[in-house]
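mind folding the following:
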Amino acid sequence: MENLEGKIRKYTFEELKSEMEEEDLLMNTTLGLVLGGTMLDLMRLKKQISALPEIKLVYHTLTTAHLRIVKVEEWEKFLEWKKEKKR
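The predicted model follows:
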């Protein structure tokens, strides 16, 4: 995995002003990401993100369980599939 330092572009306000107000860029914000990969790759990524002084990594979880996103109209079908899978 390549080192991310120096590859993350820092945009100026001038580049972003057509999309946001200056006050929007100055407020603290959080962002949630779901990442998948090998344990080794995810641990490397966590270490690289933690090394960036302008980003605070608050919480991380590594799991072998797959994330499943289900449409609302397919929820019942998903529950049936899950029940069958346990048998």
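
state the distance from Arg87 to Lys77.
In this view, Arg87 and Lys77 are 16 Å apart by Cβ to Cβ, to the nearest Å. Every residue, glycine included, has its C-beta placed from N, CA and C.

between those two, which one's more packed in?
Set Arg87 next to Lys77 and count neighbours by other Cβ atoms under 10 Å: Lys77 wins out with 11 against 4.

how close does the more buried one get to Ser50?
40 Å.

please apply the same query to Arg9.
Counting by Cβ to Cβ - Arg9 and Ser50 are separated by 20 Å.

who has more neighbours out of the two?
Legend: neighbour count by other Cβ under 10 Å for Arg9 and Ser50, higher for Ser50 (12 against 6).

let me know the secondary structure of the nearest residue to the more buried one once chain neighbours are set aside.
Nearest residue to Ser50 in three dimensions, chain neighbours excluded: Leu57, at 5.1 Å (Cβ to Cβ, 6 or more residues apart in numbering). Classification of Leu57 using DSSP: H, G, I helix; E, B strand; the rest coil returns coil.

next, the contact list for Leu57, please.
Taking Cβ atoms under 8 Å, 6 or more residues apart in numbering as the criterion, Leu57 is in contact with 46, 49-50.

got the residues you listed as TSV, with pLDDT, secondary structure and distance to Val70 columns?
Below are the contacts of Leu57 laid out as TSV (pLDDT from 0 to 100; DSSP: H, G, I helix; E, B strand; the rest coil; distance: Cβ to Cβ, whole Å):
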residue	pLDDT	secondary structure	distance to Val70
Lys46	85	helix	28
Ile49	87	helix	29
Ser50	86	helix	32
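
of the residues you listed, closest to Leu67?
Of all these, Leu67 sits closest to Lys46, with 17.5 Å by Cβ to Cβ.

cheers, nothing more for now.
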